[in-house]
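A.B. asks: dropping the sequence and predicted coords here.
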Amino acid sequence: MELLFLLSSFLVVALPGLLIRHVGVIEFVSLTASVIALVESFVIAFKVSSVGTYAPMSFFFVDALGAIVMLIIACVGLAVTIYSVRYLRQETLKDIIGFTRVRQYFVLLNLFFAAMFFAATANSPVFTWIFIEATTLATAFLISFYNKSSSIEAAWKYLIINSVGLFLGFFGTLLYFTSLSPIGAEGLVGWRSLVANAIYLDPLVAKIAFIFVLIGYGTKVGLAPMHTWLPDAHSKAPAPISALLSGVLLNVAFATVLRFKVMTDLVAGHAFSQNLLIIFGVISILIASLIILVQKNYKRLLAYSSIENMGIIVLGFGFGGLGAMSALLHMIYHALLKSALFLSAGTIFLKYSSTKIARIKGLLTALPVTSVLFFAGFFAITGMPPFGIFLTKVFILSSGMKTHPMVAGVVMFLMAIVFIGFFNHVTSMVFGKKPSEVKKCEEDIWLVIPPFGLIALALFLSFHLPLFLTTLLNDVVAHY
């Protein structure tokens, strides 16, 4: 019962965490839970790759897509937890936060992890919706963590927009349940039973349902034009939380969209869902590229980069074929690299006490290791070799050239704009003269190891995919 052990570890840590009075104990149990989650996620992924599915009880169901999402949550989650320990210690030393805030942070962090794992493994679309909504509640308090007017405003914006979006997604979910009437269903209605009954779903109802689902869960994915919460939330939340929001939560929501896409394709054909994904993908890339060009805040810069990359992922599944496989790989690479970039951004904030690009100069002098990681992350996320995103972008565009050449050409141009804008901002931060008030001192190794590990893992996976991961990827593409 690996999955139950994994999920209970976060709940066991989170709930008594309110009673623990020692920071070291809270940090230790949180790290332990993250290590357990990583180990158990790999165990489950190996089982799924060899057997096909993993369902320890009727409430849970893990297929290849769920296993990949679990691995993303676990890998990024461990890096974020390690980073959070030292990051919060630094903020405590600066009297930015106190013990109560640190305890609140780790309790909400572990509840956030639990909600994401539940959402990725729930057998029922209703419970998936409940747990994705639970991530909204947990992260709303983390976004307003610093209790400033701007962060509270961002949290309310995040809460309202995502709740409305998820309500629309729930309405779409209920429309899919109309397919159950010919056979009926007793007990828990799972993803597999909905797929089995999809042939009884009216094609028009399926199309309407998918539109609601795509708009609803697409809000959580950060697709334009439902993206307006994302830059504010990412820029105001603590850096480790921004890493999870951008690198992990967006993928959990998109995986849910893909599950509904299967049912829609069975009834209405592939063209309908693919055309919608292409439209939302292009709009997301367009809006993100234009704003990246003139962005003045480096955390918001990374947030708009997430919108662009989620647009690319959606576009890949819209093109289908090789594009779908490349989009799935892109999702993994983006999760690792964007999380590393946000963690590096957190170290920059600790040093400069500002998120304004104009105020960050001489980063190479002040934080040499972090600046190299940040620069490497920029090259990787914008699709420069030798990182895997270079190939995923090439293959997605190649797939698009066969069926939608005009769209692929426009997207290629927009990607160039993103690179130019990103390059301009990052070089202005890394080079130049360091401000006199910023003191040069030895970097904290525990603020460097997590982003370095994520970038190194992304680089490793760019050259070599383990056999079990290749099997999972092929299963996802074949099914979704």
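C.D. replies: Alright, I've got the coordinates. Quick caveat: nothing in here was measured; it's all calculated off a predicted structure.

A.B. asks: helix or strand: which one has Thr471?
C.D. replies: helix 467-479 (DSSP states H and E).

A.B. asks: list the buried ones in that helix?
C.D. replies: 468-469, 471-473, 475-477 (16 or more other Cβ atoms under 10 Å). C-betas here are computed from N, CA, C, even on glycine.

A.B. asks: so can I have JSON lines of the residues you listed showing pLDDT and distance to Leu250?
C.D. replies: Shown next, in JSON lines, are the buried residues of helix 467-479 (pLDDT from 0 to 100; distance: Cβ to Cβ, whole Å):
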{"residue": "Phe468", "pLDDT": "95", "distance to Leu250": "24"}
{"residue": "Leu469", "pLDDT": "96", "distance to Leu250": "20"}
{"residue": "Thr471", "pLDDT": "95", "distance to Leu250": "24"}
{"residue": "Leu472", "pLDDT": "96", "distance to Leu250": "19"}
{"residue": "Leu473", "pLDDT": "95", "distance to Leu250": "19"}
{"residue": "Asp475", "pLDDT": "93", "distance to Leu250": "22"}
{"residue": "Val476", "pLDDT": "93", "distance to Leu250": "17"}
{"residue": "Val477", "pLDDT": "90", "distance to Leu250": "20"}
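
A.B. asks: quick check: Leu175 touching Ala209?
C.D. replies: Yes - between Leu175 and Ala209 there is a contact at 3.6 Å, judged by Cβ atoms under 8 Å.

A.B. asks: more neighbours: which of the two?
C.D. replies: Taking other Cβ atoms under 10 Å, Leu175 and Ala209 do not tie; Ala209 has more neighbours (27 against 20).

A.B. asks: so how far is Leu194 from the more buried one?
C.D. replies: 11 Å (Cβ to Cβ, to the nearest Å).

A.B. asks: name the residues contacting each of these two.
C.D. replies: By Cβ atoms under 8 Å, 6 or more residues apart in numbering, Ala209 and Leu194 have these common neighbours: Tyr176.

A.B. asks: which other helices and strands does the helix or strand harbouring Leu391 contact?
C.D. replies: Element membership of Leu391 [criterion: DSSP H and E] is helix 388-403. Counting contacts by 3 or more Cβ pairs under 8 Å, 6 or more residues apart in numbering; DSSP states H and E, helix 388-403 packs against helix 298-319, helix 322-352, helix 405-430, helix 445-463.

A.B. asks: repeat that with 6 Å
C.D. replies: When contacts are defined as 3 or more Cβ pairs under 6 Å, 6 or more residues apart in numbering; DSSP states H and E, helix 388-403 packs onto helix 298-319, helix 322-352, helix 405-430.

A.B. asks: with distance to Leu249 added, can I get these in a markdown table?
C.D. replies: Listed next are the helices and strands packed on helix 388-403 as a markdown table, based on distance: least, Cβ to Cβ, whole Å:
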| stretch | distance to Leu249 |
| --- | --- |
| helix 298-319 | 10 |
| helix 322-352 | 10 |
| helix 405-430 | 22 |
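
A.B. asks: of all those helices, which lies closest to Ser9?
C.D. replies: Closest approach to Ser9 among those (Cβ to Cβ): helix 322-352, 20.9 Å.

A.B. asks: got the angle for that closest one vs helix 445-463?
C.D. replies: Between helix 322-352 and helix 445-463, the angle comes out at 160 degrees (axes from the mean of the first three to the mean of the last three Cα atoms, to 10 degrees).

A.B. asks: which residues sit against stretch 415-424?
C.D. replies: For stretch 415-424, contacts defined as Cβ atoms under 6 Å, 6 or more residues apart in numbering pick out 289, 292-293, 308, 378, 382.

A.B. asks: for the host helix or strand of Gly216, C-alpha coordinates in CSV please.
C.D. replies: Using DSSP H and E, Gly216 sits in helix 203-221. C-alpha atoms of helix 203-221 as CSV (Å, rounded to 0.1, in the frame of the first residue of the first chain):
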residue,chain,number,x,y,z
PRO,A,203,-21.5,14.4,-29.3
LEU,A,204,-22.9,17.9,-28.8
VAL,A,205,-23.0,17.4,-25.0
ALA,A,206,-19.4,16.1,-25.1
LYS,A,207,-18.2,19.2,-27.0
ILE,A,208,-20.0,21.6,-24.6
ALA,A,209,-18.6,19.6,-21.6
PHE,A,210,-15.0,19.8,-22.9
ILE,A,211,-15.3,23.5,-23.5
PHE,A,212,-16.3,24.0,-19.8
VAL,A,213,-13.6,21.6,-18.6
LEU,A,214,-10.9,23.3,-20.8
ILE,A,215,-11.9,26.8,-19.6
GLY,A,216,-12.3,25.7,-16.0
TYR,A,217,-9.2,23.6,-15.5
GLY,A,218,-7.4,25.8,-18.0
THR,A,219,-7.7,28.6,-15.5
LYS,A,220,-5.7,26.5,-13.1
VAL,A,221,-3.2,25.6,-15.9
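
A.B. asks: got the angle for the helix or strand following it vs helix 203-221?
C.D. replies: In the C-terminal direction, the helix or strand that comes right after helix 203-221 (DSSP H and E) is helix 229-236. Angle, helix 229-236 to helix 203-221, by the same axes, to 10 degrees: 20 degrees.

A.B. asks: for helix 229-236, name the packing helices and strands.
C.D. replies: helix 149-176, helix 298-319.

A.B. asks: contacts for the shortest one, please.
C.D. replies: It refers to helix 298-319. 221-222, 227, 230-231, 234-235, 246, 250, 274, 277-278, 280-281, 284-285, 288, 291-292, 295, 323-324, 326-327, 330-331, 334, 338, 341-342, 345, 355, 357, 396, 399-400, 418, 425.

A.B. asks: I'd like the average pLDDT over that helix.
C.D. replies: Mean pLDDT, helix 298-319: 96.

A.B. asks: then stretch 240-257?
C.D. replies: On average, stretch 240-257 scores 95.

A.B. asks: got it, and stretch 390-407?
C.D. replies: 93.

A.B. asks: just use 49 as the starting number from now, easier for me
C.D. replies: Yes, from this point I'll number from 49; that puts the last item at stretch 438-455.
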